[in-house]
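J.: need a structure here:
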Amino acid sequence: MRIRSSRTIGITFVIVALFAMMTSAPAMAAPNGITYDCDTAADHFSELVLPAPKGPFIVRGQVKVKAIAASEEYVPLTRLAIMEAPEKLGASSQNQAGFSLAALPAGKLGVKTKDKNAVLHFANWDERKAGSEVSHDLFPLADTQDGRPFSLAYDGKSVVAQFAGQQQTMALDVDAPVVRLICSTGEFLYTNLTIDAQ
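T.: From the prediction side, this is the model:
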């Protein structure tokens with residue numbers, strides 16, 4: 001199963017956040033990071049682009065699915081990746097490394113469950129090289145109401161991604177890295193999101 005998000009349909013909500021903590025003393029960093037409730041209607045997407053410090057850094061936080069919107073065309077999902085700073089906001093990345101989290105009603109997948117409204121969660125490594133998706137197998141996730149911890153550690157040559165008890169190393173060499181978070185066709189809550197120099 002391939003998961004794709006909406007790229008050209010709908011309204012693009014773009015937020016560019018500047019973190020003073022990334023360009024000044026670490027003491028200015030908020031102890032719990034930021035909270036971002038990425039909430040989009042069916043067939044729409046939202047994007048948050050965050051600057052990254054120079055040199056090696058690590059992105060940490062938690063994410064959880066709060067709600068999904070019904071869509072015949074797009075899968076409710078969120079993506080978090082390190083990528084080259086885009087020339088224009090909303091543009092697809094040529095090179096990136098991170099993960100995606102998708103949620104689908106069990107009935108749409110033909111899975112029988114006791115709860116007729118059950119939603120199944122899946123994750124995938126989100127990797128692009130020279131503008132093409134690198135294929136990775138989906139991995140199903142246990143049902144939970146808690147946030148799922150994640151980390152993306154970038155050393156200038158690769159990203160070590162950890163999510164839902166899985167780990168993947170992906171090559172990535174970009175001149176001006178940023179952290180991009182996208183969600184589509186649902187509500188995904190990011191908490192304790194931090195980007196720290198290493």
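
J.: let me see the contact set for Ala130.
T.: Contacts were defined as C-beta atoms under 8 Å, 6 or more residues apart in numbering; by that measure Ala130 touches Gln94, Asn95. Every residue, glycine included, has its C-beta placed from N, CA and C.

J.: what about it, distance to Gly107?
T.: Here Ala130 is placed at a distance of 38 Å from Gly107 (C-beta to C-beta, to the nearest Å).

J.: parallel or antiparallel, list what pairs with the strand or helix carrying Ile182.
T.: When elements are defined using DSSP states H and E, Ile182 is found to belong to strand 177-184. Using DSSP bridges, the strands paired with strand 177-184 in its sheet are strand 45-51 (antiparallel), strand 77-84 (antiparallel).

J.: out of the ones you listed, which is closest to Ser93?
T.: Proximity to Ser93, assessed across these by C-beta to C-beta, is greatest for strand 77-84 (4.2 Å).

J.: neighbouring contacts of the closest one?
T.: 3, 5, 38, 52, 59, 63, 93-103, 126, 128, 150, 152, 154, 159, 172, 174-186, 188, 190.

J.: that strand - what's its average pLDDT?
T.: Across strand 77-84, the average pLDDT comes to 97.

J.: next one: stretch 46-61
T.: pLDDT averaged over stretch 46-61 gives 96.

J.: how far off centre is it?
T.: Counting by C-alpha atoms, centre = their mean, to the nearest Å, stretch 46-61 is centred 11 Å from the centre of its parent chain.

J.: that stretch: which residues count as buried?
T.: Within stretch 46-61, the residues that qualify as buried are 46-53, 57-61, counting by 16 or more other C-beta atoms under 10 Å.

J.: who's the nearest residue to Pro140 once chain neighbours are set aside bridged to?
T.: Leaving out its chain neighbours, the residue that sits closest to Pro140 by C-beta to C-beta, 6 or more residues apart in numbering is Phe122, at 5.6 Å. Beta-bridge partners of Phe122, counted by DSSP bridges, are Ala102, Pro140.
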